[in-house]
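> When you get a sec, could you give me coordinates for this:
(chains A and B)
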Amino acid sequence: GNSVTQMEGPVTLSEEAFLTINCTYTATGYPSLFWYVQYPGEGLQLLLKATKADDKGSNKGFEATYRKETTSFHLEKGSVQVSDSAVYFCALGNRDDKIIFGKGTRLHILP
Amino acid sequence: NAGVTQTPKFRILKIGQSMTLQCTQDMNHNYMYWYRQDPGMGLKLIYYSVGAGITDKGEVPNGYNVSRSTTEDFPLRLELAAPSQTSVYFCASSRPDQGHGYTFGSGTRLTVV
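This is a model prediction of the structure:
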């Protein structure tokens, strides 16, 4: 069945550092891939998505590329800010089916 | 658009009490979901619905019930509250055929004492 594996946290970085949160997946067919972000005390928000191989999703300085050959969708940001502190969830979904979420990675950014 | 609206935001229940968590969406999404999120943990699917009149169990349905009489509303019922149901509950909705992912509500924080 479909599954998502993402790196365990917490991840602690200093402001302006480079961020990578790894995500790999197992899936049948050609799913869409997503990154969601959850700020403290809030619900999950869609951060970015990619719907087919080699697509790059981007938003708020974050990027992730749909790599079918390595079954990966790693989240990157060149220079993180304190306001990026949150929990990040990798997810995949086929059309007409439920989305499968990873377990989440907590990110702490130190000023 | 209001998106997905959940009420109440906070609630404290005594063991054995019952309550209904309300969820409504105004985006004409056919799919709706209920998740729980325990402290420091990921999401666990409780129930979901692919359209009005249709509901199905997720991975942790015990102790909960749902109904979907309209496209907009998807209430979650706790009949006999237990401390193990202390959690944050999130409702979400989607149109899978559009491939846009889920829209989440802001959550209901429930404590059972």
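> When you work out contacts or count neighbours from here on, use the C-alpha atoms and nothing else.
OK.
> Excluding chain neighbours, what is closest to residue B:30?
residue B:51 (5.0 Å; C-alpha to C-alpha, 6 or more residues apart in numbering or on different chains).
> now that neighbour, which residues is it bridged with?
Counting by DSSP bridges, residue B:51 is bridged to residue B:54.
> The one helix or strand in chain A whose mean pLDDT sits lowest: what's the following helix or strand?
In chain A, no helix or strand scores lower on mean pLDDT, DSSP states H and E than strand A:100-101, which sits at a mean of 89. Later in the chain than strand A:100-101, the nearest helix or strand by DSSP states H and E is strand A:105-110.
> which residues touch that following strand?
With C-alpha atoms under 8 Å, 6 or more residues apart in numbering or on different chains as the test, strand A:105-110 has contacts from A:6-15, A:21, A:80-89.
> hmm, 6 Å instead?
A:8-15, A:82, A:85-88 (C-alpha atoms under 6 Å, 6 or more residues apart in numbering or on different chains).
> Among the residues you listed, name the ones in strands.
Using DSSP state E to define strands, the subset of those located there is A:11, A:12, A:13, A:14, A:86, A:87, A:88.
> Now rank those by neighbours and give me the top one.
Counting neighbours by other C-alpha atoms under 10 Å in any protein chain shown, residue A:88 leads those with 26 neighbours.
> how far away is that residue from chain B?
Separation of residue A:88 from chain B (C-alpha to the nearest C-alpha, to the nearest Å) stands at 10 Å.
> With residue A:75 instead?
Residue A:75 is 17 Å from chain B, by C-alpha to the nearest C-alpha.
> and that residue, what does it touch?
Contacts of residue A:75 by C-alpha under 6 Å, 6+ apart are A:20, A:21, A:63, A:64.
> partners of it in the sheet?
residue A:21, residue A:64.
> again with residue B:35
Here residue B:35, judged by DSSP bridges, has bridge partners residue B:45, residue B:90.
> residues touching it, list them.
Taking C-alpha under 6 Å, 6+ apart as the test, what residue B:35 contacts is B:44, B:45, B:46, B:89, B:90.
> same thing but 10 Å
B:42-48, B:58-61, B:87-92, B:104, B:107 (C-alpha atoms under 10 Å, 6 or more residues apart in numbering or on different chains).
> Spatially nearest residue to residue 8, not counting backbone neighbours?
No chain was given, so I picked chain A. residue A:105 (5.7 Å).
> You answered for a different chain; I wanted chain B.
residue B:108 (6.0 Å).
> my read: that neighbour touches residue B:38, true?
No: counting by C-alpha atoms under 10 Å, residue B:108 sits too far from residue B:38 to count as a contact (12.0 Å).
> Flag the shaky bits of the chain, pLDDT-wise.
Chain wasn't specified; assuming chain A. A:95-96 (pLDDT under 70).
> not quite, I wanted chain B
In chain B, residues with pLDDT under 70: B:1.
> how about the strands in it?
B:4-7, B:10-13, B:19-25, B:31-37, B:43-51, B:54-57, B:64-66, B:76-78, B:87-94, B:103-104, B:108-112.
> Please name the strands paired to the second one in the sheet, noting orientation.
So the one you mean is strand B:10-13. By DSSP bridges, strand B:10-13 pairs with strand B:108-112 (parallel).
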